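[1] missing the sequence, but the structure's below:
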């Protein structure tokens with residue numbers, strides 16, 4: 001039952017009902033505000049991540065590929081790539097914690113290993 005007073009065609013709510021409505025409105029606004037902030041922060045982090053990735057790619061230069069790309073390029077398994085790195089068969093470059101391979105170096109290494117017969121397998 002609504003407790004209202006009518007006066008000249010308008011309904012006036014009692015303070016307790018008005019307080020409840022204000023509280024509900026504030027809760028609703030708070031939830032929407034939280035969602036907006038979460039999405040804004042998430043978008044900002046994604047943009048930062050993309051710009052840093054793009055920056056790193058510019059730092060290492062063209063012609064460099066990642067480990068996964070090198071594995072596909074050479075058609076070898078990850079342990080084999082790791083073994084070739086450690087034995088010095090494949091030159092690599094380390095930027096921070098990431099490892100990159102120069103495509104030219106990979107092609108040259110495959111040519112050298114194929115000449116040695118069986119060194120690549």
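    In hand now; what should we look at? Here the structure is a predicted model, which is why all the values come from computation and not from measurement.

[2] from memory residue 71 sits against residue 77, does it?
    Yes. In this structure residue 71 lies within contact range of residue 77 using Cβ atoms under 8 Å: 7.1 Å. In short, each C-beta sits where N, CA and C put it, glycine included.

[3] Compare those two and say which one has the larger neighbour count.
    residue 71 (17 against 10; other Cβ atoms under 10 Å).

[4] Which phi and psi values does that one adopt?
    phi -60, psi -40 (degrees, to the nearest 10).

[5] residue contacts, the closest residue to residue 78 other than its chain neighbours?
    Leaving aside its sequence neighbours, residue 78 sits nearest to residue 71 (Cβ to Cβ, 6 or more residues apart in numbering; 5.9 Å). Contacts here follow Cβ atoms under 8 Å, 6 or more residues apart in numbering; on that basis residue 71 touches 77-78, 81.

[6] and which of the residues you listed is nearest residue 102?
    Distance to residue 102, by Cβ to Cβ, is smallest for residue 81 among the contacts of residue 71, at 14.2 Å.

[7] That closest one should be in a strand, yeah?
    No. Read with DSSP: H, G, I helix; E, B strand; the rest coil, residue 81 is helix and lies in no strand.

[8] and it, how many neighbours?
    Counted with other Cβ under 10 Å, residue 81 comes out at 21.

[9] gap between the closest residue to it other than its chain neighbours and residue 65?
    Distances taken as Cβ to Cβ, 6+ apart place residue 71 nearest to residue 81, at 5.5 Å, with adjacent residues excluded. Residue 71 sits 10 Å away from residue 65, going by Cβ to Cβ, to the nearest Å.

[10] what helix or strand is residue 105 on?
    If you go by DSSP states H and E, residue 105 is part of helix 103-115.

[11] Show me what that helix is in contact with.
    Outside helix 103-115, the residues within contact range by Cβ under 8 Å, 6+ apart are 63-65, 70, 73-74, 84, 89-91, 119-120.

[12] Out of those, which end up buried?
    For those, a burial check counting by 16 or more other Cβ atoms under 10 Å picks out 64-65, 70, 74, 84, 89-90, 120.
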